[in-house]
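Asker: Need a 3D model of the sequence below.
(chains A and B)
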There are 2 protein chains.
Amino acid sequence: MKLVVGSPGTWSGMALRVSQFVFAGASMCAMVTAPSNSNYSAFFYMNFTMGLQLFWSLGLACVDIFSIRNKKDLHNWEIVSLIVFGDWIMSVFAFSGVCASASLMILFAKDMNFCRIYWRLPCDQFALSITLASIVWSLDAASSLSGFWLLVSFF
Amino acid sequence: MKLVVGSPGTWSGMALRVSQFVFAGASMCAMVTAPSNSNYSAFFYMNFTMGLQLFWSLGLACVDIFSIRNKKDLHNWEIVSLIVFGDWIMSVFAFSGVCASASLMILFAKDMNFCRIYWRLPCDQFALSITLASIVWSLDAASSLSGFWLLVSFF
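Answerer: Now for the predicted structure:
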């Protein structure tokens, strides 16, 4: 079994999955508890992608724990390519959600000054949620990159 | 020289570059001629990425024409990997620009009904520009995919 940092079935891989899960959960909490978040499609979409991320990361964290406990080698071509493909899809979802929400946030905070005019708009919570989601995206990118590196090393 | 559709130095590759150039130019025209477009950061950002795209596609179209006229083989590892890397960066830029602008457009047209309330807001022009930019993105993805396929076939 090749030791690529962050690849499936390793301690570092599990740590990445758990961090993705925690940050995605925190991002969802920050967004859900913000009043009037449901009025904006972009925020709803980002929340939806974070929900998907939650299930994906939890599932793969469980797979990693199972693999480490039972010393099962997950490093074969089919499993890794499936995980890399899934990670890639998740990264694209998370990236699009973050871009969409960040553009709305810039509109509210800078272009239209809504954050200053409508002081009841929870801009800080929106910004926190977007920041956490962008951390999730970078962790996703790290996972999919290390998986891809492992995939390349098979050939 | 391997014949991969859309790869550098082929007729299909040149057609892809010319289409990217034309659609990026059309997207910029639609956005620049829309009044009040400069008030929104997301639209400005998308316009900027389309400007970059214009230079990139024009440059590579010239390279393709040069290669076809002089029957020069561009299919070596260094050149293709450089072009694929550049295409990938351009795709990410275009995708983020399209996501950011599309989320603003959804806010204007659906969430806040600005398009109906402020009839002077050129929503149709914004939508047209975003649609054209998303076509540019899909053409970018096609270019970078065919280049990547060629790169894989070297190994």
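
Asker: quick one: secondary structure of the residue nearest the centre of chain A?
Answerer: The residue lying closest to the centre of chain A (Cα atoms, centre = their mean) is residue A:136, at 3.4 Å. Assigned with DSSP: H, G, I helix; E, B strand; the rest coil, residue A:136 falls in the helix class.

Asker: right, and it touches residue A:21 too?
Answerer: No: judged on Cβ atoms under 8 Å, residue A:136 makes no contact with residue A:21 at a distance of 9.1 Å. In this view, the C-beta of every residue, glycine as well, is placed from N, C-alpha and C.

Asker: if I look at these two, which residues touch both of them?
Answerer: Common contacts of residue A:136 and residue A:21, defined by Cβ atoms under 8 Å, 6 or more residues apart in numbering or on different chains, comprise residue A:53.

Asker: where's residue A:103, which helix or strand?
Answerer: helix A:77-106 (DSSP states H and E).

Asker: For that helix, the averaged confidence score.
Answerer: On average, the pLDDT along helix A:77-106 is 94.

Asker: any idea how far the residue nearest to the centre of chain A is from chain B?
Answerer: Going from residue A:136 to chain B by Cβ to the nearest Cβ, to the nearest Å gives 16 Å.

Asker: Would you mind listing the residues in contact with that residue?
Answerer: Applying Cβ under 8 Å, 6+ apart, we find residue A:136 in contact with A:20, A:23-24, A:27, A:50, A:53, A:94.

Asker: Around chain B, pick out the residues from chain A.
Answerer: Counting by Cβ under 8 Å from any Cβ of the partner chain, chain A comes close to chain B at A:39-42, A:45, A:95-96, A:99-104, A:106-107, A:110-111, A:155.

Asker: Buried among those? Make that a ChimeraX selection.
Answerer: In ChimeraX syntax, the buried subset of the residues of chain A next to chain B is picked out as below (16 or more other Cβ atoms under 10 Å in any protein chain shown):
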select /A:40,41,42,45,95,96,99,100,101,102,103,104,106,107,111
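
Asker: what ranges do the helices span in chain A?
Answerer: Here chain A has its helices, by DSSP state H, at A:11-32, A:41-69, A:77-106, A:114-117, A:123-154.

Asker: buried ones in the longest one?
Answerer: Within helix A:123-154, the residues that qualify as buried are A:123, A:125-137, A:139-148, A:150-151, counting by 16+ other Cβ under 10 Å.

Asker: so where is chain A shaky, pLDDT-wise?
Answerer: Applying pLDDT under 70 to chain A picks out residues A:1-2.

Asker: hmm, try it at 50
Answerer: Counting by pLDDT under 50, chain A shows no low-confidence range.

Asker: So what angle separates the directions of the helix holding residue A:103 and helix B:41-69?
Answerer: 130 degrees (axes from the mean of the first three to the mean of the last three Cα atoms, to 10 degrees).

Asker: just checking, what packs against helix A:77-106?
Answerer: Judged by 3 or more Cβ pairs under 8 Å, 6 or more residues apart in numbering or on different chains; DSSP states H and E, the packing partners of helix A:77-106 are helix A:41-69, helix A:123-154, helix B:41-69, helix B:77-106.

Asker: among those helices, which is nearest residue A:9?
Answerer: Nearest of the helices and strands packed on helix A:77-106 to residue A:9, taken as Cβ to Cβ: helix A:41-69 at 3.8 Å.

Asker: Tell me what angle that closest one forms with helix A:11-32.
Answerer: Using the same axes, to 10 degrees: helix A:41-69 against helix A:11-32 is 150 degrees.

Asker: what helices or strands is helix A:41-69 leaning on?
Answerer: Contacts defined by 3+ Cβ pairs under 8 Å, 6+ apart place helix A:41-69 against helix A:11-32, helix A:77-106, helix A:123-154, helix B:77-106.
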